[in-house]
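Asker: Sequence first, then the predicted structure:
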Amino acid sequence: MLADQWIIGSHTAHHLRLSECSNDQVNQELTVAKERLLQNLSIKDIILAFPFGDARSFSNDTIELAKQAGYSACLSSYGGENWPDQEYYLLKRIDIGSAHPTVQWKAGVHGLNLRDVVNQVKYRNIR
């Protein structure tokens, strides 16, 4: 995957809801996961995707701990747009899940909603 230019990041060591953990637990989750990526894949510039990713899953404290642990950015999954001046520790991403066929997943990665495309084609064929 690295050879194909995929970006591999961290999702913590045990996928805990960080907002429900003590600062010591959060620090442990972050540092263990980061160390594993460094040791096993030699990845140094690591992005964190918050487990669960919704606004209740992390806090300002967890963001600060991620910065202190050396993560280069953090991703949520409650969607929205990112702008050039966006804070790197509050980046939004679209959760496309894992239950989609490959073509639907690939389309989602590129910002396409296949349902919208299908509906547009159907609408054109009706006229």
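Answerer: Received, thanks.
Asker: Skipping its backbone neighbours, what lies nearest the most centrally placed residue in the chain in space?
Answerer: Note on the chain: the residue nearest the mean C-alpha position is A49, at 3.7 Å, using C-alpha atoms, centre = their mean. Beyond its immediate neighbours in the sequence, the residue positioned closest to A49 (C-beta to C-beta, 6 or more residues apart in numbering) is L75, lying 4.4 Å away. From N, CA and C alone the C-beta is placed, and that goes for glycine too.
Asker: Now do the same contact list for that neighbour.
Answerer: Under the criterion of C-beta atoms under 8 Å, 6 or more residues apart in numbering, the contact partners of L75 comprise G9, I47, L48, A49, F50, G53, L91, K92, R93.
Asker: mind redoing it with 7 Å?
Answerer: When the contact criterion is C-beta atoms under 7 Å, 6 or more residues apart in numbering, the partners of L75 are I47, L48, A49, F50, L91, R93.
Asker: Which residue ranges make up the domains of the chain?
Answerer: Following automatic domain parsing, one gets these domains for the chain: 1-95, 96-127.
Asker: Packing partners of the helix ranked longest in the chain?
Answerer: Secondary structure assigned by DSSP state H gives helix 23-41 as the longest helix of the chain. When contacts are defined as 3 or more C-beta pairs under 7 Å, 6 or more residues apart in numbering; DSSP states H and E, helix 23-41 sits against helix 60-69.
Asker: buried ones in the helix it packs on?
Answerer: Along helix 60-69, these residues count as buried under the neighbour rule (16 or more other C-beta atoms under 10 Å): T62, I63, L65, A66, A69.
Asker: you'd agree the first one is up against N27?
Answerer: It stands for T62. No: in terms of C-beta atoms under 7 Å, T62 does not count as a neighbour of N27; the distance is 9.6 Å.
Asker: average pLDDT across the longest helix of the chain?
Answerer: Helix 23-41 shows a mean pLDDT of 96 in the predicted model.
Asker: What of stretch 54-68?
Answerer: 95.
Asker: got a list of contacts for it?
Answerer: Under the criterion C-beta under 7 Å, 6+ apart, external residues in contact with stretch 54-68 comprise 17-19, 23, 26-27, 30, 48, 50-51, 74, 77-78, 89.
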